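J.: give me a model of this one.
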Amino acid sequence: MSEIVHTELIVSVIKSEGEKAGKSLFQKGKGQILTDSIRALVNKIKAEENQNLKTMNYKQNLVSIVSQKITVINVIIQMILLIVIFFVIRKNINQRSKTIIEVSKLNEELEKRVAERTESLSKSEEQFRTLYENSTVGIYRTTTDGKILLANPTLVKLLGYLSFEDLASRNLEKTVLSHLMNGLILWKS
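T.: Below is the predicted model of the structure:
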């Protein structure tokens, strides 16, 4: 505190009496005291600056440490999310793989059934065709108004036509009825 008083004294002497008076005061011995006071003040200021720098460095280090911790926590959270995503994707892939295998098995079973039924249908169709074409009885199919859709070769021959097309150009209901009537008439006579 005395250093501040001495420094203020010199400054006030310089202001009021001029620079020479300040030098004179400094040279009379009080100058040494003032120099020591100034040095002490400078040292005190430097110590305070160092303390402030240490405090700032401490705060900056603290902020840096907190920032680093936040960064580490952020990285950990991201890694946890990536692991969760990995397992979700892995589970999804496993489910898709199982589904693909199941669909493949079902597809194979379906293809087998289709092949069996196609073979059965082919056999049935062949049996019908053989029965239809080799039957000694006339077989036909018409619409409700008598248009001929289907007739076996035996019916074509029984009715006296050369081909199915000749027979199909007629109305079977009228044709058969007229043939039956002729046959009945011939049979009765």
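
J.: give the rounded mean pLDDT of stretch 38-55.
T.: In this model, stretch 38-55 has a mean pLDDT of 82.

J.: scratch that, stretch 105-125 is what I was asking about
T.: Mean predicted lDDT for stretch 105-125 stands at 93.

J.: from the chain's centroid, how far away is it?
T.: Mean-position distance between stretch 105-125 and its chain equals 37 Å (C-alpha atoms, centre = their mean, to the nearest Å).

J.: and Thr143, its phi and psi?
T.: When read as degrees, to the nearest 10, the backbone of Thr143 gives phi -80, psi 170.

J.: which of the helices or strands spans the closest residue to it other than its chain neighbours?
T.: Nearest residue to Thr143, sequence neighbours excluded (C-beta to C-beta, 6 or more residues apart in numbering): Leu149, at 6.4 Å. All C-beta atoms are positioned from the backbone trio N, CA, C, and that covers glycine. Remark: Leu149 resides in strand 148-151, with elements defined by DSSP states H and E.

J.: ditto for Ser12
T.: helix 2-17.

J.: could I get the average pLDDT for that helix?
T.: 67.

J.: quick one on the thing from earlier: what residues sit buried inside the helix or strand just after the strand holding Leu149?
T.: Remark: after strand 148-151, the chain's next helix or strand is helix 153-158, criterion DSSP H and E. By 16 or more other C-beta atoms under 10 Å, the buried positions in helix 153-158 come out as 154-156.

J.: just put these in TSV and tack on pLDDT and distance to Phe86.
T.: Below are those laid out as TSV (pLDDT from 0 to 100; distance: C-beta to C-beta, whole Å):
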residue	pLDDT	distance to Phe86
Thr154	92	75
Leu155	88	75
Val156	89	76
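
J.: residue ranges for the helices of this structure, please.
T.: Assigned by DSSP state H, the helices in the chain fall at 2-17, 19-25, 31-134, 153-158, 164-168, 172-188.

J.: does anything pack onto the third one? Which helices or strands?
T.: When contacts are defined as 3 or more C-beta pairs under 8 Å, 6 or more residues apart in numbering; DSSP states H and E, helix 31-134 packs onto helix 2-17.
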